[in-house]
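Enquirer: Coordinates for the following, if possible.
(2 chains, ligands or ions: 1)
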Amino acid sequence: MTLRDSASERPAAVASERPTAVATAVATLNLATRAELAAAVLALDGVALGGAVLRAPRSDIAETFVARLRALMPDGAPHRRLPFAIPDDRLLGGLDLAMTLAQGRPVADHGLLAALDGGLLVIPGAERIGASLAARLTQVLDLGHVAQRVRVADAPTHHAARVTIVAIDEAEADEDAVHGAIADRCAFHLLLDVQPLPELYSRADIKAAAALLPHVDADTASEPPAHPTASRSTDAALRTLVHTAELYGIDSLRAVRAALRVARCCAALDGRRSTNDSDVATAAALVLGPRATRLPAPPPETSAEPEPPPPPPDDAQNQDDSAERDDQDVRELEERIIEAMAAALPFGLTMDAPTRTPKARRAAGRAGSDRSGGTRGRQVGTRRGDPRGGGRLDLVETLRAAAPWQPLRRRSAGATEAGSASAKPIPAIPARPRVLVRPDDFRIRRLFEPAGTTAIFVVDASGSSAVNRMAEAKGAVELLLAESYARRDEVALIAFRGAKAEILLPPTRAIAAAKRALAALPGGGGTPLASAIDRAVELTLRARREGNDTVVVFLTDARANVARDGSGGREQAMAEALQSARVMRGLEGQVLLIDTSPRPSPQAQEVAAAMGARYVALPRTDARSIHAAVTAARA
Amino acid sequence: MLPLRLAFPFSAIVGQEEMKRAILLTAVDPTIGGVLILGHRGTAKSTAVRALPALLPPMNVVRGCRYGCDPDTESRACDDCRARRAAGEKLRHDKHNVPVVDLPLGATEDRVVGALDLERALTRGEKAYEPGLLARTNRGYLYVDEINLLEDHLVDLLLDVAATGENVVEREGISVRHPARFVLVGSGNPEEGDLRPQLLDRFGLSVEVTTTNDLDARVEVIKRRDAFDRDPEGFTAKWAAADLDTRKHVERARKKIDALKVPDAVLRDAARLCAAVGTDGVRGELALLRGARALAAYDGARAVTVDHLRTIAPSALRHRLRRNVLDDVGSSVRIERAVADVLGAA
Ligand SMILES: [Zn+2]
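Expert: From the prediction side, this is the model:
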């Protein structure tokens, strides 16, 4: 194994401080040093690498990273923070209100992203970004430009918008993380702690590295490297990175591509024209490490290994040697990467196959919540109205309404120069506006009305209920899911058994996820009814915050026998259940309790009454009659 | 004008045969209808369609026409071109690349269909029509990434225009209609919410894209992408010959397709297949037959055979199956079974 790291090629003065000089000790780099290295790499190649997702214990710590990145990016590079409720015409461009009114002709505003070309977009509270804003941002990240949204004569149809983003993830531990479409495009997922970033690089270093970067590994494909062990062809590095991604359960090819670029950036920052093992290991640790979803499985028994394919008939002799050496190299590099990765892995990884569902569920839940608007309602049209009444003015539509009247109004405005009350222009414009707009012309945006419904199913999977009706309940929920799908409702699923209730599926419109969660639902154990109602209250509140209506459907025999703390005891369990039920009633939503006992149970009726729920006893329950009851209740 | 980034060459796309085929077949016969590309994050759903302008044969466009009319098909000319011809003008033309218009998310309906020309209205008090994105899309492709996030009314509108080939604008006292024949290509991530079943049915073909698990293929995907990122011009030049070969195929297929016969036996098989998988309506059958015919033309076959049906059936039918949540079997598998039952083994 080569540890020499081509020290002779590196300027001696800085060698001892630079991360790459730490050679194999990438694993020992602390969070701050990794962040400094990431900042340098982003300053160097940020547009291609997307940016960074940042988690920090406090927002001022996240800001130290932003400050560092700005200090390394070219002087004067633009920098903005993304306001959370930014309308499309500010983000992607629209009409410039003041200029249009002053000049009497449409003047385009190219929007925030075009203004940030070559600069930095900081997104505080990035976990709040929903699917539609994420899609808008990623479209621009992918294309590197925004399309002109309002046609203005002689204006180009596109504006460059090559931005680097820093998404600050301020989510609590149990909340959703930054939207997958954004996270996937950000090369770095960084954790910060209280340590200040060591200032290892200067703007001049970045500039020098930028000049070198296009030449790094530029011709390794055609020429064998001069020092086979010190430098590494793109091919070998790439194979290793792809393999590493597979070992650690990382699906995204984009991440591997980013790692390859980061390795080259490391070489350039180190003043070299070719990447070495240390660069590849550093890049793997920085880019792939935080994305790992599992630990590599232990190597398989040699006997279990499939027989290697026979070598190709010709050239076999020649290739044997070099192939063997390559193999050796690749193995050594892999060991080194695994070592480097170890320090960068997320907590709580296991050797199990990666579970893909949680990620999918997260994304799915977000798509639904975003659709219903809330803070980011999307426009579906305009209506006449006064913006001072709280509505948002739609400038284009307002001007369209005003436009046909301009010649007439100019004539009459000239006649009554003093200004009649009815011709009162809106205040913020110059004394003699070029466009005469009257209150009649005002058009208000009609925002998307959140007509969405979240159906929350709370399924009793305890022993007593399972014996009775588990299969029917599952069947009914599946029918209701199918219907929710057709209505484009969101569905959520809570199951309760044993010690406490569990949210199996947060609100989603992806029916496949709901089906999987349901199929995997086991039965048996106690009946923690209070905990189940608590979870249902929680999801109801969450759905309301997104602006959705809710309908909660309990399928249970209500034989509560597990208290909130997980202890047994019918009396305590029932008292707590009734207490929770009253909280549920306070929400005044639609609630339905389907009694799954063989004959109507007084307990279930009592709980239903306490919740303000419609009670349905179904002595001969089958999936279809449950379905019919729920449909009737919702109508 | 900002030079837009070069598109990754079509021929350099690794694997994804079903997607490439669907896109090419719509180039041979645009009446097949739109293409829906479903796949997870990072599966390069947009690559194939964005590669089309460089891949497909350039087209003749009437000089000065805002709708990109074809000088050779007068029947589909816009009102402007008709008026110019009627006035005795000899229309000249230029060569243009096939347009592929990216519908920006958040595009307003105005920008899509066109609207009152604000400039002229404000400065001259004139009512004039300002063409929208659909005008630029005529005879090309409209690409909508994350189509499941587009407002339903816009998706409806796009599908309506795509089906009729005409954009009709009636608003603000403007009354305009202009040709807008295009192939709608939508992509989406099925985990991020489903498309309404009524909309699914209106796409001619659908394809599922996945990332390969094969190490060599994954390496090759990134290697090509990386080579392209480092030197877009050089990389594109390297693949130009392969792209040209594909272009020739498309051109040949376009010439052949009108003469291609669909034997009665194949028509019957197509009907039986649709009945077997239970697709309602004629849309599925039409897409199946048109797809099979375009495939036969692309392959240089003398006639459409049952093999062409077999190949195209998953793309033409899988998105039309009625969703059965109680059945765990995926759509593709259901189609394959029906194909084996009805058409026999390959
Ligand atoms: Zn024309």
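
Enquirer: Which helix or strand in chain B has the lowest average pLDDT?
Expert: Every helix and strand of chain B was ranked by mean pLDDT, DSSP states H and E. The lowest is helix B:118-124, at a mean of 72.

Enquirer: Distance check, the residue in the stretch 51-200 of chain A that chain B sits nearest to against the ion.
Expert: Using CB to the nearest CB, the closest approach of the stretch 51-200 of chain A to chain B is made by A:Asp88 at 4.0 Å. Where C-beta positions appear, they are placed from N, C-alpha and C, glycine not excepted. For A:Asp88, the distance to the ion (CB to the ion, to the nearest Å) stands at 31 Å.

Enquirer: Name the residues of the host helix or strand of A:Ala48 that are buried.
Expert: Element membership for A:Ala48, per DSSP states H and E: helix A:31-49. For helix A:31-49, a neighbour-count test (16 or more other CB atoms under 10 Å in any protein chain shown) marks A:31-46, A:48-49 as buried.

Enquirer: What of stretch A:524-531?
Expert: Applying a neighbour-count criterion of 16+ other CB under 10 Å, one finds A:525-531 buried in stretch A:524-531.

Enquirer: cool, stretch B:108-121 as well?
Expert: For stretch B:108-121, a neighbour-count test (16+ other CB under 10 Å) marks B:108-121 as buried.

Enquirer: for those, which one is nearest B:Pro99?
Expert: Checking the buried residues of stretch B:108-121 against B:Pro99 by CB to CB gives B:Val112 as the nearest, at 14.5 Å.

Enquirer: elements contacting the strand or helix carrying the closest one?
Expert: Element membership of B:Val112 [criterion: DSSP H and E] is helix B:109-113. Applying 3 or more CB pairs under 8 Å, 6 or more residues apart in numbering or on different chains; DSSP states H and E, one finds that helix B:109-113 contacts helix B:133-137, helix B:152-164.

Enquirer: so how far is it off the chain centroid?
Expert: When C-alpha coordinates are averaged (CA atoms, centre = their mean, to the nearest Å), helix B:109-113 and its chain have centres 20 Å apart.

Enquirer: Touching, B:Asn167 and B:Ala135? I think so.
Expert: Yes. With contact defined as CB atoms under 8 Å, B:Asn167 reaches B:Ala135; the gap is 7.3 Å.

Enquirer: Spit out the residues that contact the two alike.
Expert: Residues touching both B:Asn167 and B:Ala135 by CB atoms under 8 Å, 6 or more residues apart in numbering or on different chains: B:114, B:178, B:180.

Enquirer: what about the last one, distance to the ion?
Expert: With distances defined as CB to the ion, the gap from B:Ala180 to the ion amounts to 12 Å.

Enquirer: cool, the first one as well?
Expert: Here the criterion is CB to the ion. By it, B:Gly114 lies 14 Å from the ion.

Enquirer: measure the closest residue to that residue other than its chain neighbours to B:Leu103 for me?
Expert: Closest residue to B:Gly114 apart from its sequence neighbours, by CB to CB, 6 or more residues apart in numbering or on different chains: B:Gly132 at 3.6 Å. According to CB to CB, to the nearest Å, B:Gly132 stands 11 Å off from B:Leu103.

Enquirer: shared neighbours of those two, anything?
Expert: Counting by CB under 8 Å, 6+ apart, the common neighbours of B:Gly132 and B:Leu103 are B:Val112.

Enquirer: Fine, thanks again, bye for now.
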